[in-house]
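Enquirer: Fold the stuff below for me.
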Amino acid sequence: MAVSCQRTAGLLLGLTLLLAPACSIFAQKIYSLANLVDSANRHLPLLLEKQALVLGAQAGITEARHAFLPKVNIVEEVSVGSANDLTGPFLPVPGLVHSIAGSITGASNYQAVTGNMASLYGEYELVNFGLRGAKVESAKAYAGSTQADLEKERYLVKWQIGKVYFGILRQRNQLAVDEENIRRYQSMYDIALALTGSGVNPGVDSSLAKAGLSRTRVDYNEVTGALHRLEQQLSYLTGIDHPEIAADTTRSPQLPTLTPDTSAATNPLADYYEKQKQQFGAEQQLARKSYLPKIMLGAGGWARGSSIQYNNQYESAGEGLGYQRLNYLAGVGITYDLFNGIHRRDRLAVIGNQVTAADYALQQQRLALHNEEVQADESISTARKNLLELPGQLQAATDAYKQKEAQYKEGIINLVDLANASFELFEAQSAYIRTVNDWYTANLDKAAATGKLDLFIQTLK
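Expert: All right, here's what the predicted structure looks like:
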């Protein structure tokens, strides 16, 4: 960026300090753009929501690791009831537990018996063919995706705050121009009133000047309303009531060189879609591993007591409350659902389309960022050229108005000529403000498109 353009833009933004009353400047903290962004990160519920999701996703990594810990169940049971059953197969019925042994008597005996049993059983997936690692990697990918989502939202909020920030500066500078315009029309009206009162000019001049004065006040009110709306938007984003902002006028802004770079590694807006694509890829790998066989290692032991003795004698209830038999068992088994091939194919078809969609979303975002960068470059180029022309136009319009004002006082020209000169001066001043704002906003947009928004913000103290 040309030094002359930076100096010109910096001087114009310096007018902001002159617009605010001195008491408010000293009574309130002056917030830089970086201060406002930091406040938004601590205040905006949207960002706090995303941050909570990130913490939840990070906790999910630990949960995925712990999901493969051995399962160990310990049971202690004391029961009382009858013990009648018959030998033969049956399907398990929920809520009913059949006796393991077959019949031991020829007839039913409904005498109540007591028993107690304690058991300990442990189970561990000895081999799951990579399922454990795939599940942990999927949790990590999800955590990366939520973190990228948080960074994306933070980036968009920074960008939005930057636009509001420069919008406020523009409206404040425009307000100064409107105030000067009001003073010119007030002067015109006073001169016209004096000249028409003395009979030098017709009475219509004072009416025209009064109408022009009223119009400038209406314009001033519109700009004031727009400024207040922007200030409210800034308060909404940052959580600060009426934050006082001002540009650094101690030096000309030195903006960084914004080299083209729209890679996902440097731009959070693209990185989000890259991480989303990686997440679907991890889920794809998890789906492949989820439907493979599992080799289980199991071991257990149990102790049991019963008031029915080995010789089919029903003893007193107290006899069944002690452990009388101890058993143990260990083994290795393999489990596989024969329909897993179908389930695996269906799941991979779903996730495969999600991976494709995520890839297209990433391509679209990169294309949009490149388009934003190209348009910003064009806007910067246009603003740079205009900033070289506008100071001369502004000076010429100022000189012309002063000459026309002197001529009107002498009665050489009419009020229309003076009003036209005032309008030209007003347009030149407004164009200058718009161009400087366009220059800063275009640099903001380019910084956002190239992933260098933080660097840009740090240059504005």
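
Enquirer: Break down the stretch 151-300 of the chain into its helices, ranges please.
Expert: Remark: helices assigned in the stretch 151-300 of the chain by DSSP state H, counting those that start in this stretch are 204-238, 268-290.

Enquirer: Phi, psi for residue 333 please.
Expert: With angles defined as degrees, to the nearest 10, residue 333 sits at phi -130, psi 160.

Enquirer: Now for it, how many residues are close by?
Expert: A total of 11 residues lie near residue 333 under the criterion other C-beta atoms under 10 Å. C-beta here means a position set from N, CA and C on the backbone, and glycine is covered the same way.

Enquirer: Now tabulate the helices of the stretch 151-300 of the chain in TSV and tack on mean neighbour count.
Expert: Output for the helices of the stretch 151-300 of the chain, formatted as TSV (neighbours: other C-beta atoms under 10 Å):
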stretch	mean neighbour count
helix 204-238	17
helix 268-290	21
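
Enquirer: With distance to residue 30 and mean pLDDT added, can I get the ones you listed in CSV?
Expert: Output for the helices of the stretch 151-300 of the chain, formatted as CSV (distance: least, C-beta to C-beta, whole Å; pLDDT from 0 to 100):
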stretch, distance to residue 30, mean pLDDT
helix 204-238, 14, 92
helix 268-290, 28, 94
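
Enquirer: Out of the ones you listed, which is closest to residue 435?
Expert: Taking C-beta to C-beta, helix 204-238 is the member of the helices of the stretch 151-300 of the chain nearest to residue 435, at 17.1 Å.

Enquirer: Which secondary structure elements does that closest one sit against?
Expert: Judged by 3 or more C-beta pairs under 8 Å, 6 or more residues apart in numbering; DSSP states H and E, helix 204-238 is in contact with helix 33-43, helix 131-197, helix 415-449.

Enquirer: With respect to residue 272, which of those helices lies nearest?
Expert: Among the helices and strands packed on helix 204-238, helix 131-197 sits nearest to residue 272 (C-beta to C-beta), with 4.0 Å.

Enquirer: so residue 134 makes contact with residue 281?
Expert: No. Residue 134 is beyond contact range of residue 281, at 11.0 Å (criterion: C-beta atoms under 8 Å).

Enquirer: Who are the contact partners of the residue most central in space within the chain?
Expert: Among the residues of the chain, residue 153 comes closest to the average C-alpha position under C-alpha atoms, centre = their mean, at 1.8 Å. Shown in contact with residue 153 (C-beta atoms under 8 Å, 6 or more residues apart in numbering): 46-47, 50.

Enquirer: What subset of these is buried?
Expert: Among the contacts of residue 153, those buried by neighbour count (16 or more other C-beta atoms under 10 Å) are 47, 50.

Enquirer: so how many other residues sit close to the closest residue to residue 333 other than its chain neighbours?
Expert: In space, residue 333 comes closest to residue 296 once its chain neighbours are excluded; the distance is 5.0 Å by C-beta to C-beta, 6 or more residues apart in numbering. Here the count is done by other C-beta under 10 Å, and residue 296 has 17 residues near it.

Enquirer: again with residue 117
Expert: Neighbour tally, residue 117, other C-beta under 10 Å: 16.

Enquirer: Include mean pLDDT and distance to residue 71 when you put the helices and strands packed on helix 204-238 into CSV, please.
Expert: Below are the helices and strands packed on helix 204-238 laid out as CSV (pLDDT from 0 to 100; distance: least, C-beta to C-beta, whole Å):
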stretch, mean pLDDT, distance to residue 71
helix 33-43, 93, 42
helix 131-197, 92, 14
helix 415-449, 93, 51
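
Enquirer: Out of these, which is closest to residue 365?
Expert: Evaluated over those, closeness to residue 365 peaks at helix 131-197, with 9.7 Å, by C-beta to C-beta.

Enquirer: Output the contacting helices and strands for the lengthiest helix in the chain.
Expert: The longest helix of the chain (DSSP state H) is helix 340-409. Helix 340-409 sits against helix 3-13, helix 131-197, helix 268-290, helix 415-449, with contacts defined as 3+ C-beta pairs under 8 Å, 6+ apart.

Enquirer: Now tabulate those in a markdown table and tack on distance to residue 237.
Expert: Formatted as a markdown table, those follow (distance: least, C-beta to C-beta, whole Å):
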| stretch | distance to residue 237 |
| --- | --- |
| helix 3-13 | 21 |
| helix 131-197 | 5 |
| helix 268-290 | 17 |
| helix 415-449 | 15 |
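
Enquirer: so which of these comes closest to residue 390?
Expert: helix 415-449 (4.8 Å).

Enquirer: which parts of the closest one are buried?
Expert: 415, 418-419, 421-422, 424-426, 428-449.

Enquirer: Just the contacts of residue 153: which are in helices?
Expert: Here DSSP H is the test, and the contacts of residue 153 give 46-47, 50 as lying in helices.

Enquirer: Sort out which one of the residues you listed lies nearest residue 65 for me.
Expert: Residue 65 lies nearest to residue 50 out of the ones in helices among the contacts of residue 153, by C-beta to C-beta, at 24.0 Å.

Enquirer: do you know how far that closest one is from residue 156?
Expert: Note on residue 50: its distance to residue 156, by C-beta to C-beta, to the nearest Å, is 11 Å.

Enquirer: and what of residue 38?
Expert: 16 Å.

Enquirer: neighbour count winner among those two?
Expert: Neighbour tally, residue 38 and residue 156, criterion other C-beta under 10 Å: the higher count belongs to residue 156, 16 against 13.

Enquirer: Return the residues in contact with the more buried one.
Expert: Residue 156 makes contacts with residue 269, as judged by C-beta under 8 Å, 6+ apart.

Enquirer: Let me know how buried the nearest residue to residue 70 once chain neighbours are set aside is, in neighbour terms.
Expert: Nearest residue to residue 70, sequence neighbours excluded (C-beta to C-beta, 6+ apart): residue 124, at 4.2 Å. With neighbours defined by other C-beta under 10 Å, the count for residue 124 comes to 14.
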